[in-house]
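In: generate coordinates for the sequence data below:
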Amino acid sequence: MPVDWGELGTPKGADHWTVRTAHVRLDEGNTPWQGYARSVRSLQAAMKAMGFVPAYSKGLRRPGPRGPLPP
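Out: Predicted structure coming up:
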């Protein structure tokens, strides 16, 4: 169950909400996925800062189900 940062002090553990009890939280007016799409962040700046260059940007492809492509 996704939670808002403000709720992190409230849960008692990982099993605080279950499939059987999730409705109680949702009935209180909590909307766990509200704003989810707006929270998207790119990893490109962090990758660049670390010097990471994805293989696909070097013209390489990811290995397919049959294994890597020959050189």
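
In: mind checking how far Met47 is from Ser39?
Out: Here Met47 is placed at a distance of 19 Å from Ser39 (C-beta to C-beta, to the nearest Å). In short, each C-beta sits where N, CA and C put it, glycine included.

In: who has more neighbours, the two?
Out: Met47 (12 against 6; other C-beta atoms under 10 Å).

In: count of residues packed around the closest residue to the more buried one other than its chain neighbours?
Out: Nearest residue to Met47, sequence neighbours excluded (C-beta to C-beta, 6 or more residues apart in numbering): Pro54, at 7.5 Å. By other C-beta under 10 Å, the residues close to Pro54 number 10.

In: and Gly6, by the same measure?
Out: A count of neighbours around Gly6, defined by other C-beta under 10 Å, yields 7.

In: doesn't it belong to a helix?
Out: Yes. Secondary structure assignment places Gly6 in a helix (DSSP: H, G, I helix; E, B strand; the rest coil).

In: any idea how far it is from Asn30?
Out: Gly6 sits at a distance of 10 Å from Asn30 (criterion: C-beta to C-beta).

In: ok, now Arg38?
Out: Counting by C-beta to C-beta, the gap between Arg38 and Asn30 amounts to 17 Å.

In: likewise Trp17?
Out: In this view, Trp17 and Asn30 are 10 Å apart by C-beta to C-beta.

In: about what we covered before: check what pLDDT the residue nearest to Met47 gets.
Out: Reading off the per-residue confidence, Pro54 sits at a pLDDT of 77.

In: any low-confidence regions in this protein?
Out: Applying pLDDT under 70 to the chain picks out residues 1, 10-11, 32, 56-71.

In: tell me, what residue is most central in it?
Out: In the chain, the centroid-proximal residue (C-alpha atoms, centre = their mean) is Val40; its distance is 9.1 Å.

In: which stretches of this structure form helices?
Out: With DSSP state H as the criterion, the chain has helices at 22-27, 44-49.

In: from Ala49, how far out is Thr18?
Out: Applying C-beta to C-beta, one obtains 40 Å for the distance of Thr18 from Ala49.

In: for Trp33, which non-adjacent residue is closest in space?
Out: If the residues on either side of it in the chain are set aside, Trp33 comes closest to Pro2, at 6.3 Å by C-beta to C-beta, 6+ apart.
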